[in-house]
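Participant: sequence isn't available, so here's the structure alone:
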């Protein structure tokens with residue numbers, strides 16, 4: 001009988017320990033699941049420059065050990081250029097209480113800022129002039145829950161490139177989107193630089209990609225070269241712009257490497273991928289506890305020459321040897 005009682009007591013203890021371990025493991029599993037952060041990425045539209053920023057952002061997270069599907073969840077939303085989609089998608093992130101939001105292009109970042117309040121961190125991925133667009137107080141001290149990277153175009157270098165390749169050009173056409181803060185900022189700053197250096201220029205605006213054909217046809221009849229700034233709608237309609245310009249043998253100089261790939265003649269450009277990658281690295285640091293308020297906006301300023309030799313041949317333009325060599329050794333050549 002004593003043996004029976006002893007056996008029952010041992011069995012009770014064993015079952016108790018097993019139950020405790022099961023509950024403890026379940027609790028640990030639940031805790032682990034709760035610790036997996038969710039990052040909501042909102043992109044304005046699909047075009048190569050923004051796609052490269054997105055790709056770089058994910059790579060930046062991985063650099064710090066955050067691998068999608070393993071220890072972080074990525075909720076990627078693409079508004080396809082629709083303002084109502086931006087509002088709906090950013091609200092979705094807010095309702096789901098994501099750990100962090102990332103905005104690719106100024107309108108996307110502004111939509112996120114509107115729903116994030118002062119709580120959820122928002123990382124800017126390649127936003128032009130973030131303080132001027134009201135997203136941060138200052139670049140050095142953002143002041144709240146928003147910080148990230150900015151892709152200030154190296155405008156002086158880009159103008160110097162146009163002057164070198166087209167020394168006899170009398171007028172440069174500058175085309176931008178009237179509703180795009182970054183595009184407007186870059187275009188007017190480039191125009192001011194042309195004025196300072198005594199170069200004639202004409203400004204042309206589009207309200208969206210559907211306007212590009214008509215505006216481009218008017219522009220190429222009045223200028224000797226075209227400058228396409230860092231502008232979301234212009235980048236999305238780059239192939240249309242180039243097609244029109246090619247008919248009149250007018251070269252298009254672009255702000256971004258991806259725009260040269262789409263038919264631009266040349267650029268001195270910063271890497272869109274790098275803009276995204278640094279933003280992803282900043283996001284990882286914020287997820288680890290770094291505060292955004294005093295996390296300075298990071299500028300990617302060093303660029304490289306990017307050329308399109310196929311376009312040069314089509315236009316009958318000989319690119320300077322030193323620029324070609326630099327593009328071949330450190331930049332990029334599209335053929």
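Facilitator: Received, thanks. Values in this document were obtained by computation on a predicted structure and should not be read as measured data.

Participant: the strands in the protein, which residues?
Facilitator: 38-43, 73-78, 100-104, 122-125, 146-150, 171-177, 200-206, 225-228, 252-254, 266-269, 298-299, 304-308, 332-334 (DSSP state E).

Participant: domain ranges for this structure, per the record?
Facilitator: Using automatic domain parsing, the domains assigned to the chain come out as 36-151+272-299, 155-269+303-334.

Participant: winner for burial among the strands of the chain?
Facilitator: Among the strands of the chain, the stretch with the highest mean neighbour count (mean count of other Cβ atoms under 10 Å) is strand 122-125, at a mean of 31. Backbone N, C-alpha and C define where each C-beta goes, glycine included.

Participant: what is that one packed up against?
Facilitator: Using 3 or more Cβ pairs under 8 Å, 6 or more residues apart in numbering; DSSP states H and E as the contact test, the elements touching strand 122-125 are helix 48-63, strand 100-104, helix 106-116, strand 146-150, helix 272-287.

Participant: and the residue nearest to residue 72 when sequence neighbours are not counted, how many neighbours?
Facilitator: Among residues not flanking residue 72 along the chain, residue 66 sits closest, at 4.2 Å (Cβ to Cβ, 6 or more residues apart in numbering). Residues lying near residue 66 (other Cβ atoms under 10 Å) number 22.

Participant: quick one: contacts for residue 279?
Facilitator: 53, 56, 57, 60, 102, 123, 124, 125, 126, 148, 149 (Cβ atoms under 8 Å, 6 or more residues apart in numbering).

Participant: what's the neighbour count on the third one?
Facilitator: Residue 57 is flanked by 32 other residues according to other Cβ under 10 Å.

Participant: and the pLDDT for it?
Facilitator: Residue 57 carries a pLDDT value of 98.

Participant: any idea how far residue 124 is from it?
Facilitator: Applying Cβ to Cβ, to the nearest Å, the value for residue 57 to residue 124 is 11 Å.

Participant: likewise the last one?
Facilitator: With distances defined as Cβ to Cβ, the gap from residue 149 to residue 124 amounts to 6 Å.

Participant: got any residues that touch both of those two?
Facilitator: Residues touching both residue 149 and residue 124 (Cβ under 8 Å, 6+ apart): 279, 297.

Participant: per-residue pLDDT, residue 329?
Facilitator: For residue 329, pLDDT reads 97.

Participant: and for residue 190?
Facilitator: For residue 190, the pLDDT comes out at 98.

Participant: give me the number of residues near the nearest residue to it once chain neighbours are set aside?
Facilitator: What sits nearest to residue 190 in space, not counting adjacent residues and going by Cβ to Cβ, 6+ apart, is residue 155, at 5.2 Å. Applying other Cβ under 10 Å, we find 20 residues neighbouring residue 155.

Participant: distance-wise, check residue 155 relative to residue 255.
Facilitator: Relative to residue 255, and taking Cβ to Cβ, residue 155 is found at 8 Å.

Participant: spit out the residues that contact these two alike.
Facilitator: Counting by Cβ under 8 Å, 6+ apart, the residues touching both residue 155 and residue 255 are residue 186.

Participant: residue contacts, residue 310?
Facilitator: 334, 335.

Participant: let's see it at 10 Å
Facilitator: When the contact criterion is Cβ atoms under 10 Å, 6 or more residues apart in numbering, the partners of residue 310 are 263, 265, 333, 334, 335.

Participant: where is pLDDT lowest across those residues?
Facilitator: In terms of pLDDT, residue 335 ranks lowest among those, with 93.

Participant: mind listing what that one touches?
Facilitator: Taking Cβ under 10 Å, 6+ apart as the test, what residue 335 contacts is 307, 308, 309, 310, 311, 312, 313.

Participant: can you tell me which residues contact the second one?
Facilitator: It refers to residue 308. Applying Cβ under 10 Å, 6+ apart, we find residue 308 in contact with 242, 251-252, 254, 259-267, 314-315, 319, 327, 332-335.

Participant: please report how far it lies from residue 331.
Facilitator: Separation of residue 308 from residue 331 (Cβ to Cβ): 12 Å.

Participant: the bottom helix or strand of the chain by mean pLDDT?
Facilitator: Ranked by mean pLDDT, DSSP states H and E, the weakest helix or strand in the chain is helix 2-35, scoring a mean of 49.
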